[in-house]
Each structure stands twice: as structure tokens, then as C-alpha cells.
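Novice: sequence plus the predicted model coming up.
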Amino acid sequence: MTQKVVLITGCSSGIGLALATRIAKDEKKRFMVYATMRNLAKVEPLVEAAGRTLGRTMEIKQLDVCSEESIKACVDSLPERRVDILISNAGMGLIGPIECQSIDEMKTVMDTNFFGLVRLLKEILPDMKKRKKGHIVVISSVMGIQGILFNDVYAASKFAVEGFCESLAVQALRFNLNISLIEPGPVITEFERKVYEEGMKTDLSKADKITADMFTNIYLKNYNQIFETLGQTAEDVAEHTHKIITMDNPPFRHQTNTLYTPMTTLKYADPNGDLPIDTFYKMVFEHDKVFNASLNFLKLLRWRSRKSFTLEKDKSS
Ligand SMILES: NC(=O)C1=CN([C@@H]2O[C@H](COP(=O)(O)OP(=O)(O)OC[C@H]3O[C@@H](n4cnc5c(N)ncnc54)[C@H](OP(=O)(O)O)[C@@H]3O)[C@@H](O)[C@H]2O)C=CC1
Ligand SMILES: CC1=C(/C=C/C(C)=C/C=C/C(C)=C/C=O)C(C)(C)CCC1
């Protein structure tokens, strides 16, 4: 059996690291993983997690999604330039009032999260089309379908990713290619720490008092609690993604966090779009107690509906 070649971006930490490790440790050794990162000085945690798979079912390579040259050099270094499964994972967050963020900061988020994916596909898609074989897996987010307070630009970058992939998906079908968007809710990784620390450093002098207060005393104050209550592990997201890449008929969208599903469902329940906005408004502003009760209610709902959120499309297991 020939192994499928998997290229993953952003493997220095978090979901990328967990994905590379999980897929390289596939029980049936079905995959050869090229785990990439922009800065090879950060290789140690992956080397440690990879263990005996390194040099067998995993190799580590340099790739910066913001550099076309780096992407090309990495793909050129692969046998026959073949990538059977591309996992576009590299990304970054940004929180805070837009008045306090520079256009350059926002452009870096779009350049990494959106144009990073575009650059990868410009390099890899033509070869996949020629071979009429391939699976493009994109680590999107629940924020690819639903905006969240003070995540305006990050959510925009993930909406861009989703619109791009949804448009491409029809063309991809013509070439027998699959595209899957993985949509995690909050995941406990470096992302959470970096975003929170940067958020705490925000210069709020350009924001009015109501906005600054909303960001500090509502968003930042509850941030850690949201991750503690709803947060998933990177390993869990990796497990879901491993399942998606082993399916005969993988879905276009897959949400990994059943605790979060009731929130995203609000989007589909009201074509006018007001239901999620009004619900989030109430959850955030009515009272601290409503917020806590809402988080607990989400926890309770998972227990009630666990069965209906399993991977029903999976024919291969
Ligand atoms: N954590 C969360 O709550 C959620 C995260 N996601 C998404 O998951 C993905 C992974 O994030 P997560 O693991 O949580 O966060 P981490 O911060 O742990 O990992 C992000 C990875 O992306 C890499 N990266 C950033 N910029 C570039 C670049 N220009 N080229 C190559 N690699 C780059 C980072 O490298 P370096 O170490 O060099 O910075 C790091 O390896 C992101 O797309 C994120 O949007 C989605 C939903 C929820
Ligand atoms: C403010 C707010 C919420 C916060 C959600 C957060 C903070 C989600 C983070 C998701 C991440 C980090 C995704 C990464 O891609 C809730 C719980 C929906 C309740 C309504 C108001």
C-alpha cells in the first residue's frame, strides 16, 4: 500500500503539532507526514512528540505561509512534488477594539490566515488537479461562520477562508478533489495565551470609555473562563481531523466542539441573522450570572445531544 503524503503547516505548537504527531502515529501507517514550521529553531517540542516516527512516517521542513518562495522550496523538495493531503493550519489571532489596532496588524492577520492558504493552494492545487486526486483540509474556526465580540478582523480572516473554499469546492469536485473545513471552537493552545497577552497590552486610549470597559471588564475578564469551560485540547481536534482524512466521503464542514454547536446552530435557525446577535448580546450584557448560566447550559446540552453530533457521514469506520 502506498502511503499518502500529508503536508501540514504551523507545526511548531498547538493543533499543528498535535496533528502531525497523530497522523504520523496512524495505526496502519497510512501516511507520510511533512510537518512544516516557519522557524526551525522551534522544532524541539515536535521532535519530542514525534518520538520514533521521526525519519519514518514524519519529516520536518521549513515553510512560511507568508512567503511564496518558502512554500515553493518546500513543495519542490518533496518526492515528485506530491501532496495527497494538504492541511492548512498555520494561523494567528487578534482581539480588541478596531480603533486600537493598526491596519498593519490587521493585514498581518489576513496575510497569514487568508493569503497563507491562497499561496499554498496556488502552489499545490494545479498538481492535485493534474493527478485528479487530493484532499485540502483547512483549519478554519467557528469564527469562520459566526463573528464573536472583539474578534472582528480574526473572524473576517476566517470568513474569507470559508468563502474562498466554498467557491473552490465546486471546481474541486470536477477534478475529484475534496475540500474540508475543520471548525473548532476555543482550543487550549499557545493561541489562547498569545491572544490574551496581546489583548492585555492593548493601548485603549483610542477607544471610548464604553468600548474600553466592554473589552476589559467583559471580554478579557471572561476570556479564560470561556476557554476553561468550552475549551478543547489540540489532541482532540487532531483526532477529529485524523478521522476526516480517513473517510471515503469527507464532509465539506466539520465542527469539532459539541459544546459550541448550539451557538453556531443559531446562525442557521434565523435567515434574518438576528438570533445569534441578540443571543450573544444577552449572554454578554444582561448580567454576569446569565453569562455563567449560559456557559453551564452549553455544557449540559452536550450531554443531552452527544449522539446526534457524531460523524454520521463516516462510511469507512
Ligand atoms: N486555539 C484556538 O482556540 C483555535 C485555533 N484555530 C486555528 O487553529 C490554527 C492553529 O492554531 P493553534 O494551534 O491554536 O495556535 P498556535 O499559536 O499554537 O499555533 C499556530 C501555528 O501557526 C504558525 N504560524 C503563524 N504564522 C505562520 C506563518 N507565517 N507561516 C507558518 N506558520 C505560521 C505558528 O508558528 P510560530 O510558532 O512560528 O508562531 C504556530 O506553529 C490556526 O489557524 C487558528 O486560527 C481555530 C479555532 C480555535
Ligand atoms: C463572547 C462570547 C462567547 C465567546 C466565545 C469565544 C471567546 C470563542 C472563541 C473561539 C475561538 C478562540 C476560536 C478560534 O478560532 C460565547 C461563549 C460564544 C458566548 C457569547 C459571547
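Specialist: Alright, I've got the coordinates. Ligands and ions are numbered 1, 2, ... in the order given.
Novice: please name the nearest non-neighbouring residue to residue 298.
Specialist: If you skip the residues right next to it in sequence, residue 298 has residue 259 as its closest partner in space, 5.2 Å away by Cβ to Cβ, 6 or more residues apart in numbering. Quick note: C-beta positions are derived from backbone N, CA and C, even for glycine.
Novice: got the residues of this structure near ligand 1?
Specialist: For the chain, the contact set with ligand 1 under Cβ under 6 Å from any ligand atom comprises 9-10, 12-16, 37-39, 42, 64-66, 89-92, 112, 116, 139, 141, 184, 186-187, 189-192, 194, 234.
Novice: follow-up on the earlier one: for the residue nearest to residue 298, which three-state class applies?
Specialist: Counting by DSSP: H, G, I helix; E, B strand; the rest coil, the backbone at residue 259 sits in coil.
Novice: test my guess that it contacts residue 299.
Specialist: Yes - with contact defined as Cβ atoms under 8 Å, residue 259 reaches residue 299; the gap is 6.3 Å.
Novice: overlap in contacts, those two.
Specialist: Common contact partners of residue 259 and residue 299 (Cβ atoms under 8 Å, 6 or more residues apart in numbering): residue 229.
Novice: who has more neighbours out of the two?
Specialist: A direct count of neighbours by other Cβ atoms under 10 Å for residue 259 and residue 299 places residue 259 higher, at 20 against 12.
Novice: residue in the stretch 101-250 of the chain nearest to ligand 2?
Specialist: At 3.0 Å from ligand 2, residue 141 is the closest residue in the stretch 101-250 of the chain, using Cβ to the nearest ligand atom.
Novice: can you report how many residues lie near that residue?
Specialist: Count around residue 141 with other Cβ under 10 Å applied: 28.
Novice: for it, give its distance to residue 256.
Specialist: 10 Å (Cβ to Cβ, to the nearest Å).
Novice: and residue 255, how many neighbours?
Specialist: A total of 22 residues lie near residue 255 under the criterion other Cβ under 10 Å.
Novice: on that earlier part again, for the residue nearest to residue 298, grab phi and psi.
Specialist: Here the main-chain torsion angles of residue 259 (degrees, to the nearest 10) amount to phi -60, psi -30.
Novice: the one 5 residues further on now?
Specialist: Backbone dihedrals for residue 264, given as degrees, to the nearest 10, come out at phi -70, psi -30.
Novice: which element is the residue nearest to residue 270 when sequence neighbours are not counted on?
Specialist: For residue 270, the nearest residue in space outside its immediate sequence neighbours is residue 276; the separation is 7.4 Å by Cβ to Cβ, 6+ apart. In the assignment (DSSP states H and E), residue 276 maps to helix 274-285.
Novice: off-centre distance for that helix?
Specialist: A distance of 24 Å separates the C-alpha centroid of helix 274-285 from that of its chain, computed with Cα atoms, centre = their mean, to the nearest Å.
Novice: repeat for stretch 182-190
Specialist: 7 Å.
Novice: mind checking the pLDDT average for that stretch?
Specialist: Summarised as a single mean, pLDDT over stretch 182-190 is 96.
Novice: before we move on, what about stretch 31-47?
Specialist: Per-residue confidence for stretch 31-47 averages out to 98 on the pLDDT scale.
Novice: ok, back up a step: the residue of the stretch 101-250 of the chain closest to ligand 2 reaches residue 187, doesn't it?
Specialist: No - between residue 141 and residue 187 there is no contact under Cβ under 8 Å: 9.1 Å.
Novice: quick one: low-confidence parts of the protein?
Specialist: Confidence mapping of the chain against pLDDT under 70 gives the ranges 287-289, 302-317.
Novice: make it 90
Specialist: Applying pLDDT under 90 to the predicted model, the residue ranges of the chain that meet it are 1-2, 222, 225-226, 229, 258-259, 261-262, 282-317.
Novice: what does it put close to ligand 2?
Specialist: With Cβ under 6 Å from any ligand atom as the criterion, the chain comes near ligand 2 at residues 141, 142, 143, 148, 149, 185, 186, 226, 263, 280, 283, 284.
Novice: which of those residues has the most neighbours?
Specialist: residue 141 (28 neighbours).
Novice: who touches that residue in this structure?
Specialist: 154, 155, 158, 183, 184, 185.
Novice: surely the fifth one meets residue 139?
Specialist: In other words, residue 184. Yes - counting by Cβ under 8 Å, residue 139 is a contact partner of residue 184 at 7.3 Å.
Novice: what residue of the protein is the furthest out?
Specialist: Summary for the chain: using Cα atoms, centre = their mean, the residue whose C-alpha lies farthest from the chain's mean C-alpha position is residue 209, with a distance of 32.8 Å.
Novice: thanks a lot, see you next time.
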